[in-house]
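Visitor: Fold the stuff below for me.
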Amino acid sequence: MKTYNQIKINGKVYSPLTIQNLTKDFPSELSMEVLDFMQLWYNEEKTITQQSSGSTGPPKLVKLKKEALIVSAEMTGNYFGLRAGMNALLCLSPKYIAGKMMILRALVWGMNLIPGKTDSNPVKDLNDPIDFAAMVPLQVAKILEQNPEKFNNFKTIIIGGSAIPVALEKQLCNFKTDFYHTYGMSETMSHIALRKISDTPLESIFKPLPGIQLTRDKRGCLVIEAEGLGIKKLITNDLVELLPDQNFRILGRWDEVIISAGLKIHPQLVEQKLSQYLNKAFVLIGKVHKTAGEIAVLVIEDQPATAHIFKYWQLLEKVLESAEMPRELCFVKSIPQLPSGKPDRKLVQKTI
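Guide: Numbers count the residues shown, from 1 in each chain. Next comes the predicted model:
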């Protein structure tokens, strides 16, 4: 394995021997997390342990080879043209694979890593020009709401962790920044496919990186092979439409499909349609039904008056096909979320 013996953080170069000075130079919670990860990286172990995302089954601890993590960082750098001297913003915790990979990309490509904040608006106090950053949709949405001008400081931003609302994607097309939606998970050491965000978000076609081979299993779920990453037939729970050129479109999760009276409803596709018109947080889930098996229930973060409930139904009838229509509306004060920013569907189901 190729060794990388120095990393530049906030303009200062650190080696395995001096990395412990990081928190003295830049005291912050995130700097402490960076230090913890770098000490793990520089130890004699050939693997690191990471909590999986749940894309391939129930979340579990997985061991990732350091050599494969370097290959992943190289793949991203080759795709985006990363090079020494560029500024990379870290605004995701290194506790998660996305944060770890941002640190490793800076290490591998000699970029200057700028640890920022990991809150919903990580650029509020940031004025540095940034060449490369990774964010989750919640952060991007909050920046658009509070400091949209800050995006002009960024060259490229990759967005992952969950689906991106259509309305949000359309807003991003107004900036000179290049935005990319990523597909990946802990087991693949971050993204293995990307799509550039455009003004036609409903197409949502992902393109795999070089060296990635894709197939589908009997369920229609994506199966990933990547020799360079040491991945042999990694079976996901993500239902996809796989095109002849290996590009693909995500239909939703196999374990989230709602089967109502024999019809299959893919919540993520329905949610993607509705995201253009609903300005409230919402999620579509299945509810057990004695005759239909399941019915689709649209849970909305709102406390509307009776008259407005009727307007919701009118909107749904206008936007959705009859087979996609929810059979019930449920209004809640707040929709619980997972650490990734995705709605906690299982917890929502327990509340209806």
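Visitor: tell me the helices in the stretch 1-150 of the chain, going along the chain?
Guide: 22-25, 29-41, 66-80, 97-109, 137-146 (DSSP state H, counting those that start in this stretch).
Visitor: Where does the prediction get shaky in the stretch 1-150 of the chain?
Guide: Along the stretch 1-150 of the chain, the parts satisfying pLDDT under 70 run over 1, 53-59.
Visitor: what about 80?
Guide: 1-3, 52-60 (pLDDT under 80).
Visitor: ok so, going back, quick one: which of the helices of the stretch 1-150 of the chain is nearest K196?
Guide: Ranking the helices of the stretch 1-150 of the chain by proximity to K196 (C-beta to C-beta) places helix 66-80 first, at 11.2 Å. Using the backbone N, CA and C atoms, a C-beta is placed for each residue, glycine as well.
Visitor: Just the angle for that closest one relative to helix 97-109, thanks.
Guide: Counting by axes from the mean of the first three to the mean of the last three C-alpha atoms, to 10 degrees, helix 66-80 lies at 80 degrees to helix 97-109.
Visitor: What are the buried residues along helix 66-80?
Guide: K66, A68, L69, I70, V71, S72, A73, E74, M75, T76, G77, F80 (16 or more other C-beta atoms under 10 Å).
Visitor: quick one, helices of the stretch 251-352 of the chain?
Guide: Using DSSP H, counting those that start in this stretch, helices in the stretch 251-352 of the chain cover 267-274, 306-319, 345-351.
Visitor: what's the most buried one of these?
Guide: helix 267-274 (a mean of 20; mean count of other C-beta atoms under 10 Å).
Visitor: Send me it as CSV with only the CA atoms.
Guide: Output of helix 267-274 as CSV, limited to C-alpha atoms (Å, rounded to 0.1, in the frame of the first residue of the first chain):
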residue,chain,number,x,y,z
PRO,A,267,-42.3,5.6,-2.1
GLN,A,268,-39.2,7.4,-3.3
LEU,A,269,-40.5,7.9,-6.8
VAL,A,270,-43.8,9.2,-5.5
GLU,A,271,-42.0,11.5,-3.1
GLN,A,272,-39.8,12.8,-5.9
LYS,A,273,-42.9,13.8,-7.8
LEU,A,274,-44.5,15.5,-4.8
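Visitor: quick revisit: reformat the helices of the stretch 1-150 of the chain into CSV and put distance to G184 next to each item.
Guide: Shown next, in CSV, are those (distance: least, C-beta to C-beta, whole Å):
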stretch, distance to G184
helix 22-25, 27
helix 29-41, 18
helix 66-80, 9
helix 97-109, 8
helix 137-146, 15
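Visitor: Out of the ones you listed, which is closest to N121?
Guide: Using C-beta to C-beta, the helices of the stretch 1-150 of the chain put helix 137-146 closest to N121, at 4.6 Å.
Visitor: residues of the closest one that come out buried?
Guide: Buried residues in helix 137-146 (16+ other C-beta under 10 Å): P137, L138, Q139, V140, A141, K142, I143, L144.
Visitor: ditto for stretch 36-50
Guide: In stretch 36-50, counting by 16+ other C-beta under 10 Å, buried: F37, M38, W41, Y42, I48, Q50.
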